[in-house]
Each structure stands twice: as structure tokens, then as C-alpha cells.
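Asks: Just to be clear, the model below is a prediction. Sequence and coordinates:
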Amino acid sequence: MTGPPDDCLARNEWICGEYLSTRRQILLDAVLQHLQLTGISVLIGLVLAVPLAVLARRWRWSAGPVLAVTTILYTIPSLAMFSLLLPVYGLSASLVVAGLVLYSLTLLVRNILAGLRAVPEETRQAARGMGYGPIRLLLTVELPLAVPAAMAGLRVATVSAVSLVTVGAIVGFGGLGNLIYSGMNTYFKAQVLTASVLCVVIAVAADVLLLGIQRLLTPWTRAARS
Amino acid sequence: MTTLTDAWHSLTDPAHWPGDDGIGHRLVQHLVLTVVCLAVSCLIALPVALVLGHLGKGGALAVNISNAGRAIPTFAVLVLLLLTPVGNWGEGPTVVALVLFAVPPLLTNAYVGMREVDRDVVRAARGMGMTGRQMLFRVELPLALPIIMNGVRIAAVQLVATATIAALAGGGGLGRIITAGFNLASTPQVVAGAILVAVFALIVEGIFETAERLAPHWARSAR
């Protein structure tokens, strides 16, 4: 009779190479789900946030209510937000995406609006003097100048979304959060630590990637500094 | 709509309020956790931030710690703490996680607030012969107060959210009503718990909003 294998899995150690090699597929699937949930949510948030911010800028009376609603949404804790959406979406990935969209939307609307407001009036007048119509002014002058502020918001929204996806484990769609949740119930230390570290790695990688994109999109900010 | 009315009945049913699993007990737990941890976090973060801000040192650390705090999932930290010896102290993991996530916004805001005090004012204070301690308490601290209070507000909202997630890792508080609802597959209970948590968070935010409006003119933030 052979005894149980005496490896780091059997000893339930925090750091375990054996875990990485034997559960590679599970980890990959979880990372993939994590990336999908984050990516889709932030993209939908961005698509909704740009027009909202532009409208709030055009009609000043709407800025107050828009900002008030976003503040209220952002104050609601993530677990409560997912729970409030349960009657609408049931136990589905859409529920997690919808919750995350609301959070990213909040951050993005605030930042894009701040960016649009920071466009100097002289710049706007110069563009008008050159014969720019309102649409062309918005698309080629105001929005590009708001990119740095918008990207700052996008980075915060993305990093927050990566971390909030884990709470989606409550409905079974939490990416790496699922592994943390099941690891908690079985006291599986290596799984909890590996999944947690991967979450942070994804967040940092996304942040660096977006910073790179921001640099590419706004070459003028670097030229001004050098 | 029926879910909402069921959730409302669940909230107003007097049988759901008393007892260890009752709404009353969970509400008190949530309140105590939030208030105690906010006080502890302020005691840890504010002195450090005020001294660093006064000396103008450690800025990179104070500012970046907030970004780092955002990248680390609350849920992961709660579970990691639960599996360490801290997990044996009952509410230990919740308290430690709450403090860990409340400290970064406090530290960052207090530091930034101290550094954004007009340098001319600080120089004038020094020119009047004020000592470092006098400058800190009579000039810099009062002028930095709006931004410091904004940090306290962010930390308080963060604490309410973290205390809710703590229920996923077995902690007490209002989140337990939600997790219990999920375990029972009872959507009305989940929604009822979520409404309680959301209202709790909005009341906390509202208290700070009111305090800011009632504050004397100089102590209001420029937001």
C-alpha cells in the first residue's frame, strides 16, 4: 500500500509549483473569464460614458443630475449592487457585467466631463474662428484634448473592475474569484494565493497597457514636457 | 415587481429583526465594524500622513499606496487572512482587511492636503516665528482639513463596502443577509439585504455631505 504523496499539495502549502502544473487548465480558464468580464464591462461602460459626458457638457443643467446619479451608484457596495441586479439578470455573467458597467460608467463619465470642461475657451474659440462646426469641434478638438483625463479614468475603472470581478464569485461568474471562493471553502491555500496574485498581476498589466496606449494617443503631452 | 414587494415584506416582517441572525443584530454589527475600523484607521494613517506632509517626505509612497490598494481585490485579502492564523480570531480577518483598505485613501488625501497648503502661507507662518509644531497644528492642519475630510469620507464608504464583502468570507454584518439569501436561493432576501446595505452606504455618504455643508466656509472643499 502506498501512502498519500508527500508533495506541497498534500501539505497544503501557500506556494506550490505542483499546483501550477496540475491545474494549468483551470487557471487559464479562470484568467480568460476574468479578462472577458473585465474587458466587456469596461468597453460597454466607455461606449455609454462618452455620449453621456458630451450631453452633460452641452446641456449644463443635466450635469448636476448626471453627476449626482453617478455618485449614488458609486457609493453602493459591489456585493449589494450585484444583489440588486439579481431579479433582473438571475445567476448569469450578464449580472456581473451589468454591475461592473455601472461602476466603470460612473468613473468614466466624471473623468471625461472633467476633461471636456478643462478644454481652454481660447482653443474652442480659435477652432470656431477657423470655421469648425460643433460636431467637428467636438470630434477633432475637444474629445482629443479630453483624452488624458479620460484615460486616467479608464485606468482607474479597469483596475477597479479587475478587482471587483472577484465578488462575482457569489453568482459563480467571478473569474479568478471563483477559485478564491472554492479555495476558501476547502482551505486550499495554494489555490487562494495563486488566484489572488494573478488578479493583481492582471490589474497591473492592464494599467501599464493603458498607460502605453495613452502615450501613443497623446504624443503632444510628451513634446510639451521635453 | 413581485420580488420588490417580497423584499419589502421580508424587511418589514417583525420576525426578521430580532435574534443573532436578525436584521437588527446585523445592522449593529455593520455599524460597529465601520465606526471602530474608521477610528483605528484614522489613528494609524492621519498622524503618519500629517508628519510626512509637514516634512514633505515620502510623497511617492503616500500617493501610490492608493493605487496599489485599488489593484488588490478585497475579497482575495479577506480569504487570505481567513486562511492565516488571523482567521481563528472570529472577526479578525474582517477587522484587519477593513483597516488595510481604509488606510490608503486616508493617507493619500491627508498627504496631498498638507502639500497643497499654499507655500506662501507656510513661509509667512515661519517668518512670524512659529515653530514646526505650531505651523503644523495652527496653519497646515486647518487649511488641509477639507481634503483630509474628503479622505475620511472615501475611507468610510470603502469600509461599508468592504464590511459587506466580508460576509462572503464568513464575517458578520449586513452582507450576511445577502449571502444567506443566496444560500437559500431566496431572491427577495438577497434584494432585501442589498437594499439595507445600499441605504446604509448612502446614509454614511449623506452624513459626510451634510457635515461638509454645515462646516464653516474656510473648511469646505473646493469640489
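Replies: Nice, thanks for sending it over. Numbering: from 1, shown residues only, chains lettered A, B, ... in the order given.

Asks: By mean pLDDT, which helix or strand of chain B comes out lowest?
Replies: helix B:2-12 (a mean of 81; mean pLDDT, DSSP states H and E).

Asks: Would you mind listing what in chain B touches chain A?
Replies: Applying C-beta under 8 Å from any C-beta of the partner chain, one finds that chain B approaches chain A through B:3-4, B:67, B:70-77, B:79-80, B:82-83, B:157, B:160-161, B:164-165, B:167-169, B:175, B:178-179, B:181-182, B:187, B:190-191, B:193-195, B:197-198, B:201-202, B:204-205. For every residue, glycine as well, the C-beta is placed using N, CA and C.

Asks: just checking, which of those belong to helices?
Replies: Using DSSP state H, the subset of these located in helices is B:3-4, B:67, B:70-71, B:74-77, B:79-80, B:82-83, B:157, B:160-161, B:164-165, B:175, B:178-179, B:181-182, B:187, B:190-191, B:193-195, B:197-198, B:201-202, B:204-205.

Asks: Pull the contacting residues for the spatially most central residue of chain B.
Replies: The residue lying closest to the centre of chain B (C-alpha atoms, centre = their mean) is B:A156, at 2.4 Å. B:A156 makes contact with B:34, B:38, B:102, B:204-205, B:208, according to C-beta atoms under 8 Å, 6 or more residues apart in numbering or on different chains.

Asks: just A:V97 next, same as before
Replies: By C-beta under 8 Å, 6+ apart, the residues touching A:V97 are A:37, A:40-41, A:44.

Asks: Please apply the same query to A:Y103.
Replies: A:45, A:73-74, A:78, A:81, A:157, A:160-161, A:164.

Asks: where does it land on pLDDT?
Replies: Per-residue pLDDT puts A:Y103 at 93.

Asks: Any idea how far the host helix or strand of it is from the middle of the chain?
Replies: Using DSSP states H and E, A:Y103 sits in helix A:93-117. How far helix A:93-117 lies from its chain's middle: 9 Å, per C-alpha atoms, centre = their mean, to the nearest Å.

Asks: Okay, now the unreliable bits of chain B?
Replies: For chain B, applying pLDDT under 70 flags the ranges B:1, B:217-223.

Asks: tell me which residues of the least confident helix or strand of chain B are tucked away?
Replies: B:6-7, B:10-11 (16 or more other C-beta atoms under 10 Å in any protein chain shown).

Asks: With distance to B:M128 added, can I get the residues you listed in TSV?
Replies: Listed next are those as TSV, based on distance: C-beta to C-beta, whole Å:
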residue	distance to B:M128
B:D6	66
B:A7	61
B:S10	63
B:L11	58
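
Asks: picking that back up, can you mark which positions in the helix holding A:Y103 are buried?
Replies: Across helix A:93-117, burial judged by 16+ other C-beta under 10 Å covers A:93-113, A:115-116.

Asks: Neighbours of B:Y111, how many?
Replies: The number of residues packed near B:Y111 is 31, by other C-beta atoms under 10 Å in any protein chain shown.

Asks: residues in contact with B:A144?
Replies: B:53, B:110, B:113-114, B:116-117 are the contacts of B:A144 under C-beta under 8 Å, 6+ apart.

Asks: got the contacts of A:V97 as TSV, with distance to B:L61 and neighbour count columns?
Replies: Compiled in TSV, these are given as follows (distance: C-beta to C-beta, whole Å; neighbours: other C-beta atoms under 10 Å in any protein chain shown):
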residue	distance to B:L61	neighbour count
A:L37	32	23
A:I40	35	17
A:S41	31	25
A:I44	35	16
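
Asks: show me the contacts for the most centrally placed residue in chain A.
Replies: Nearest to the centroid of the C-alpha atoms of chain A, with distances taken as C-alpha atoms, centre = their mean, sits A:T158, at 2.3 Å. Counting by C-beta under 8 Å, 6+ apart, A:T158 touches A:38, A:42, A:104, A:203, A:206-207, A:210.

Asks: That one and A:Y132, how far apart?
Replies: In this view, A:T158 and A:Y132 are 32 Å apart by C-beta to C-beta, to the nearest Å.

Asks: Export stretch A:35-53 to PDB, keeping only CA atoms.
Replies: Taking only C-alpha atoms (Å, rounded to 0.1, in the frame of the first residue of the first chain), the coordinates of stretch A:35-53 have been written out as PDB:
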ATOM      1  CA  LEU A  35     -10.300  39.100 -18.700                       C
ATOM      2  CA  GLN A  36     -13.600  38.700 -20.700                       C
ATOM      3  CA  LEU A  37     -15.800  40.000 -17.800                       C
ATOM      4  CA  THR A  38     -13.500  43.000 -17.200                       C
ATOM      5  CA  GLY A  39     -12.900  43.800 -20.900                       C
ATOM      6  CA  ILE A  40     -16.600  43.700 -21.900                       C
ATOM      7  CA  SER A  41     -17.700  45.700 -18.900                       C
ATOM      8  CA  VAL A  42     -15.200  48.500 -19.300                       C
ATOM      9  CA  LEU A  43     -15.900  48.700 -23.100                       C
ATOM     10  CA  ILE A  44     -19.600  48.900 -22.600                       C
ATOM     11  CA  GLY A  45     -19.000  51.500 -19.900                       C
ATOM     12  CA  LEU A  46     -16.800  53.600 -22.200                       C
ATOM     13  CA  VAL A  47     -19.300  53.400 -25.100                       C
ATOM     14  CA  LEU A  48     -22.100  54.700 -22.800                       C
ATOM     15  CA  ALA A  49     -20.000  57.200 -20.900                       C
ATOM     16  CA  VAL A  50     -18.700  59.300 -23.900                       C
ATOM     17  CA  PRO A  51     -22.200  60.400 -25.100                       C
ATOM     18  CA  LEU A  52     -23.400  60.900 -21.500                       C
ATOM     19  CA  ALA A  53     -20.400  63.200 -20.700                       C
END
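
Asks: Got a quick ChimeraX command for the buried subset of the contacts of A:Y103?
Replies: ChimeraX command restricting those to the buried ones, with burial defined by 16+ other C-beta under 10 Å:
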select /A:45,73,74,78,81,157,160,161,164
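
Asks: among the contacts of A:Y103, which are in reach of chain B?
Replies: Contacts with chain B within the contacts of A:Y103, counted by C-beta under 8 Å from any C-beta: A:78, A:81, A:160, A:164.

Asks: From those, which land in strands?
Replies: When the ones next to chain B among the contacts of A:Y103 are checked against strands (DSSP state E), there are no matches.

Asks: Could you list which of these belong to helices?
Replies: Short answer: the ones next to chain B among the contacts of A:Y103 in helices (DSSP H) are A:78, A:81, A:160, A:164.
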